[in-house]
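Student: pasting the sequence and the predicted model now:
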Amino acid sequence: MKLTTSPRIGPATLTLLASTFLVAAYNTAFWRNFIIATGHFSLGHLPLIAGSVVLIVMLFNAFLTLASFRYVLKPLLIVLFVATAFTTYFMNKYGTQIDRSMIQNLVETDIGEATELLSWKLLMTVVLLGVLPSLLVWRTRIDFPVGPRGLLRRGGFFAGSLTIAVLLLLAFSKTLVPSLREHRELRFLLTPTNYIQAINSYVKFKRAKTVVVAPLGTDAVKAVRGSGNRDRSVTLIVVGETARAANFSLDGYVRMTNPELAGQPDLINFPHMQSCGTATAVSLPCVFSNLGRENYADAQAYAQQGLLDVLQHAGYKVLWRDNNSGCKGACARVAYEDLAKPVPGNQWCVNDECYDERLLEKLPDMIRDAHDDMVIVLHQKGSHGPAYYKRYPASFKRFVPVCETIELDKCSAESIVNAYDNTILYTDHFLNKTIELLKASAASEHVNTAMMYFSDHGESLGEHNMYLHGAPFMFAPAEQREVPFMMWMSDGFRSRYQLDQSCLKERAGLPYSHDNVFHSVLGMLSVKTSVYKPALDLFGACVK
Ligand SMILES: [Zn+2]
């Protein structure tokens with residue numbers, strides 16, 4: 001065959017054609033579900049659908065552009081076409097989503113079982129969507145630009161594609177972001193990213209199984225401080241969810257969203273606290289680790305012990321009570337109570353979830369019956385969106401009108417903020433009730449009590465046309481990064497740990513971050529260990 005008969009095109013044309021083909025030819029299941037998830041099919045809906053098609057084409061194009069080099073692009077496209085053809089066949093035939101467990105089934109199935117899945121229809125699909133486009137790519141002559149000019153061109157196409165994708169995402173974020181969050185199955189339907197992610201996750205999972213968790217702070221001991229009282233202590237660490245400092249009146253919000261906490265004279269509020277990440281899956285393991293934001297990596301956090309382990313090494317009993325979706329590894333080796341699953345008849349549970357006050361159930365009994373120093377983590381559901389209106393009992397529906405759907409595009413900006421502010425009102429009530437409970441225990445049980453509260457990350461409520469959270473940290477707006485942080489201590493607690501309240505109040509206005517939490521908890525509870533860094537302990541300067 002003469003080469004001159006082959007079509008000749010530039011790599012940019014090829015990546016754009018291939019991206020469009022991937023989005024259009026293999027993704028019928030995705031688009032069917034996408035249209036249902038974002039509402040319905042109508043003329044008014046067309047811009048959203050068209051915009052989303054272009055958005056995904058541009059994302060695929062950006063990544064293919066990174067690979068648009070001689071000896072790389074063609075083999076990559078051929079592998080993608082063939083593998084995606086197989087995936088598409090199985091998704092359509094079995095209506096399955098492609099996730100880690102599917103890859104696990106595939107890898108761990110023996111040949112005998114696998115051959116039962118083969119059929120003529122599979123062969124046809126693979127020929128039509130895999131082999132034919134591959135042949136076309138194989139026969140195409142591509143004029144790769146070379147040298148610095150070539151790199152510059154690729155850089156331009158990459159940046160251009162990403163820019164278009166980001167602009168489209170911003171333009172449609174009010175519908176797109178909540179729909180994608182509520183319909184997580186969509187990301188298991190979009191191919192080829194679904195199986196690439198699934199394979200990646202499977203490999204990680206296999207490796208994680210063999211990871212030996214490195215010990216941390218095994219030298220930790222409780223030091224006795226000064227001549228204060230010696231009663232045992234119970235420290236509550238309340239981990240908030242999606243609460244942003246911007247909507248706490250204690251942090252300067254114009255609306256009174258902290259009416260109850262404002263009446264707590266001994267509460268110390270820290271108005272300048274930065275989160276470690278913009279999503280629970282990052283912030284939570286990060287804040288309980290000693291890695292700090294700059295050095296944080298998921299794999300590293302899971303491969304070593306964290307704050308709660310060090311506290312246990314020092315002799316503190318630790319319990320994690322959860323009304324959220326788990327602790328993301330932060331509580332792996334401590335006692336754990338799942339309070340997120342509704343129990344019939346429980347006064348705090350409605351439909352399929354429970355209000356945060358359930359986290360306080362039986363807490364006075366636990367505090368009474370614990371004979372040792374104890375640290376209890378309460379993990380709130382807090383202000384988790386987009387269904388803000390589901391997070392609080394009816395009596396906290398005080399800012400109205402309220403957005404009562406997850407389709408935020410159907411709500412006014414005001415009603416979205418109202419719903420969110422009601423969640424903050426409820427958290428205000430929950431925290432105040434926690435403090436009152438700790439006061440009562442301190443008075444009746446001779447126990448030194450304290451509460452530390454911080455949120456995992458903030459939330460966007462339409463500023464810069466952004467919603468929810470999870471923006472890359474570097475580009476994340478302040479609303480997603482600035483979180484509330486506060487501290488309440490009983491007199492006995494301050495006496496035992498020799499902490500100076502007025503000194504702390506004075507220093508509360510300084511800028512802090514999640515990086516301070518690990519060392520501050522150790523410092524506050526007078527834990528001596530080689531992994532403690534005094535420079536990051538925000539209580540350090542206030543120990544008498
Ligand atoms: Zn979160």
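Tutor: That came through, no problem.

Student: ok, and the closest non-adjacent residue to the residue of the chain at minimum distance from the ion?
Tutor: Closest residue of the chain to the ion, CB to the ion: Thr280 (3.1 Å). No exception for glycine: its C-beta is placed from N, CA and C like everyone else's. Spatial nearest neighbour of Thr280, chain neighbours left out: Asp456 (5.3 Å); criterion: CB to CB, 6 or more residues apart in numbering.

Student: report the contact partners of the one you found.
Tutor: Val239, Gly240, Glu241, Thr242, Ser275, Gly277, Thr280, Ser283, Leu284, Val287, Val483 (CB atoms under 8 Å, 6 or more residues apart in numbering).

Student: hang on, the earlier thing: state the pLDDT value of the residue of the chain closest to the ion.
Tutor: Predicted confidence (pLDDT) at Thr280: the value is 91.

Student: again, but for Phe475
Tutor: In this prediction, Phe475 carries a pLDDT score of 82.

Student: burial count for it?
Tutor: The burial metric for Phe475, expressed as a neighbour count using other CB atoms under 10 Å, is 10.

Student: among the contacts of Asp456, which one lies nearest to Val402?
Tutor: Thr242 (16.7 Å; CB to CB).

Student: and the closest one, which of the three is it?
Tutor: When states are read from DSSP: H, G, I helix; E, B strand; the rest coil, the local structure at Thr242 comes out as coil.

Student: got the contact list for the residue lying closest to it once chain neighbours are set aside?
Tutor: Ranked by CB to CB, 6+ apart and with sequence neighbours excluded, the top spatial neighbour of Thr242 is Ser383, at 4.3 Å. By CB under 8 Å, 6+ apart, the contact set of Ser383 is Gly240, Glu241, Thr242, Ala243, Arg244, Arg391, Tyr420, Thr423, Ile424, Thr427, Glu459.

Student: how about 10 Å then?
Tutor: Ser383 makes contacts with 240-244, 247, 391-392, 419-424, 426-427, 455, 458-459, as judged by CB atoms under 10 Å, 6 or more residues apart in numbering.

Student: restricted to strands, list those residues.
Tutor: With DSSP state E as the criterion, strands contain Gly240, Ser455 from among the contacts of Ser383.

Student: so which of the contacts of Ser383 are also by the ion?
Tutor: The residues of the contacts of Ser383 that also fall near the ion, by CB under 5 Å from the ion, are Glu241.

Student: next SSE downstream of the host helix or strand of Ile367?
Tutor: Secondary structure from DSSP states H and E places Ile367 in helix 363-369. Past helix 363-369, further along toward the C-terminus, the next helix or strand under DSSP H and E is strand 374-379.

Student: and that next one, what does it pack onto?
Tutor: With contacts defined as 3 or more CB pairs under 10 Å, 6 or more residues apart in numbering; DSSP states H and E, the packing partners of strand 374-379 are strand 233-240, helix 307-313, strand 317-322, strand 335-338, helix 363-369, helix 413-445, strand 448-455.

Student: the fourth one packs against which elements?
Tutor: Which is strand 335-338. In this structure, strand 335-338 packs against strand 317-322, strand 374-379, with contacts taken as 3+ CB pairs under 10 Å, 6+ apart.

Student: ditto for the second one
Tutor: Counting contacts by 3+ CB pairs under 10 Å, 6+ apart, helix 307-313 packs against strand 233-240, strand 317-322, strand 374-379, helix 515-524, strand 527-528.

Student: ok, now the longest one?
Tutor: Applying 3+ CB pairs under 10 Å, 6+ apart, one finds that helix 413-445 makes contact with strand 233-240, helix 363-369, strand 374-379, strand 448-455, strand 460-461, strand 485-489, helix 491-496.

Student: how much space separates Leu236 from Lys505?
Tutor: If you measure Leu236 against Lys505 using CB to CB, to the nearest Å, the figure is 20 Å.

Student: those two - which one has more neighbours?
Tutor: A direct count of neighbours by other CB under 10 Å for Leu236 and Lys505 places Leu236 higher, at 25 against 15.

Student: wait, isn't that one in contact with His379?
Tutor: No - between Leu236 and His379 no contact is recorded; they are 11.4 Å apart, counting by CB atoms under 10 Å.

Student: okay, and the common contacts of those two?
Tutor: Listed as contacting both Leu236 and His379 by CB under 10 Å, 6+ apart are Arg321, Leu359.

Student: quick check: phi and psi on Ala243?
Tutor: Here is the backbone geometry of Ala243 (degrees, to the nearest 10): phi -90, psi 130.

Student: what's the nearest residue to it if we skip its chain neighbours?
Tutor: Sequence neighbours aside, Ser455 is the residue nearest to Ala243 in space, at 3.8 Å (criterion: CB to CB, 6+ apart).
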